[in-house]
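Peer 1: Provide a 3D model corresponding to the input given below.
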Amino acid sequence: MKKTKSKYDIFRERIKIILYGTDTFLGRMFDLVLLGLILLSVILIMMETVQGINQKYHAQLIICEWIITVFFTIEYVLRIISIQKPIRYVFSFYGIIDLMAVLPMYLSIFFPGASVLSIIRALRFFRLFKILHIPQISHQSIQLREAIEASKEKILVFIYFVLISTIIIGSVMYLVEGKESGFTSIPMSIYWTIVTLTTVGYGDISPQTPLGQFIAAFVMILGYGIIAVPTGIVTAEFAKSSLKNSVVSSKKTCKKCNSQVHFDHAQYCFECGTKLPNN
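Peer 2: Numbering: from 1, shown residues only. Alright, predicted model coming up:
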């Protein structure tokens, strides 16, 4: 005998369609409204930090923030009760972000000023990728993620090299310049090295001796190369991922080397350079 669904089960299914059904009209409309409220919330938090606006409209801003917080709280609870495995959602990336979106306002009751942490809600804009659900965007995001994952070991080794270099250069600058030039300690000298190496250049500390200035010039030039290395690593892996995920829609056989894996628009063999047949 077929078991009839209870009103609660029917309610859960309808809520799930609205909250998680990005392919449905109601689901897409809800997500667009949600994004609008997130944007409004972020703007309200920014306006609250402007002294003139906060003094004049403080009460109205707080009321609006609480209304949005209550809406987000209800949405968070409904997301939990509408799915079969709520724990998976609670500890997922979006689940943690959704929880962090509502906590600051409640914490502000006990810790004044904590409401400014509600700016974390801006992270919820990542839901835009799910709402758009454009294949091209999804494909490119997957390729970028694969490229970053493939290059993480190389980048970690590179960062380790940079850290060792900053410690050595900072120690040398401490010995060369000394306290008279503002290099009061090795940590302070390492701070100067990092600022100079990243081409930020605050100017709060600067070398005064000719040798120190020479080392500074070397660090500045080195900085341009250091900035380019991680970009080159990720770009190379991204190019490999793009080539690997490219779709080969036809097989053209090279008459000279018998290689068959070619793109449909290829005119020459990638192995030996022989002109390929048009068919």
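
Peer 1: From here on, just use CA atoms for contacts and neighbour counts.
Peer 2: Noted.

Peer 1: What is the distance between stretch 185-200 and the centre of its chain?
Peer 2: Centroid separation for stretch 185-200 versus its chain: 26 Å, with Cα atoms, centre = their mean, to the nearest Å.

Peer 1: neighbouring contacts of it?
Peer 2: 166-167, 169-171, 173-174, 179, 183, 201-202, 205, 216, 219-220, 222-224, 226-227 (Cα atoms under 8 Å, 6 or more residues apart in numbering).

Peer 1: ok, 6 Å please
Peer 2: Identification of contacts with stretch 185-200 by Cα atoms under 6 Å, 6 or more residues apart in numbering yields 166, 167, 170, 171, 174, 183, 201, 219, 220, 223.

Peer 1: per-residue confidence for residue 241?
Peer 2: Per-residue pLDDT puts residue 241 at 68.

Peer 1: repeat for residue 191
Peer 2: 93.

Peer 1: what's the answer for residue 70, then?
Peer 2: At residue 70, pLDDT is 92.

Peer 1: Now do the SS call for it.
Peer 2: Following DSSP: H, G, I helix; E, B strand; the rest coil, residue 70 is assigned to helix.

Peer 1: Which of the contacts of stretch 185-200 are buried? Put it as a PyMOL command.
Peer 2: Command for PyMOL that selects the buried part of those, burial taken from 16 or more other Cα atoms under 10 Å:
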select buried, resi 166+167+170+171+174+183+219+220+223
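
Peer 1: Just put the contacts of stretch 185-200 in TSV and tack on pLDDT and distance to residue 28.
Peer 2: Formatted as TSV, the contacts of stretch 185-200 follow (pLDDT from 0 to 100; distance: Cα to Cα, whole Å):
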residue	pLDDT	distance to residue 28
166	93	50
167	93	52
170	93	54
171	94	57
174	93	59
183	92	57
201	82	46
219	92	51
220	91	50
223	88	46
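
Peer 1: how about the contacts of stretch 185-200 in a markdown table, adding secondary structure and distance to residue 146?
Peer 2: Supplementary listing: these in a markdown table, determined by DSSP: H, G, I helix; E, B strand; the rest coil; distance: Cα to Cα, whole Å:
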| residue | secondary structure | distance to residue 146 |
| --- | --- | --- |
| 166 | helix | 30 |
| 167 | helix | 32 |
| 170 | helix | 35 |
| 171 | helix | 38 |
| 174 | helix | 42 |
| 183 | coil | 42 |
| 201 | coil | 34 |
| 219 | helix | 32 |
| 220 | helix | 32 |
| 223 | helix | 27 |
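
Peer 1: Closest to residue 60 out of the contacts of stretch 185-200?
Peer 2: residue 201 (42.1 Å; Cα to Cα).

Peer 1: Roughly how far does the nearest residue to that closest one once chain neighbours are set aside sit from residue 223?
Peer 2: Nearest residue to residue 201, sequence neighbours excluded (Cα to Cα, 6 or more residues apart in numbering): residue 195, at 5.5 Å. Distance, residue 195 to residue 223, by Cα to Cα, to the nearest Å: 10 Å.

Peer 1: same question, residue 201
Peer 2: When Cα to Cα is applied, the distance between residue 201 and residue 223 equals 11 Å.

Peer 1: can you check residue 187 too?
Peer 2: 19 Å.

Peer 1: first vs last residue of stretch 83-97, how far apart are they?
Peer 2: End-to-end distance for stretch 83-97: 18 Å, by Cα to Cα.

Peer 1: pLDDT below threshold where in the stretch 51-200 of the chain?
Peer 2: 127-141 (pLDDT under 70).

Peer 1: Quick one: the helices in it, in order.
Peer 2: Per DSSP state H, counting those that start in this stretch, the stretch 51-200 of the chain carries helices over the ranges 51-81, 86-90, 93-107, 127-132, 135-177, 186-197.

Peer 1: now the second one, how far from the centre of its chain.
Peer 2: In terms of Cα atoms, centre = their mean, the centre of helix 86-90 is set 22 Å apart from its chain centre.
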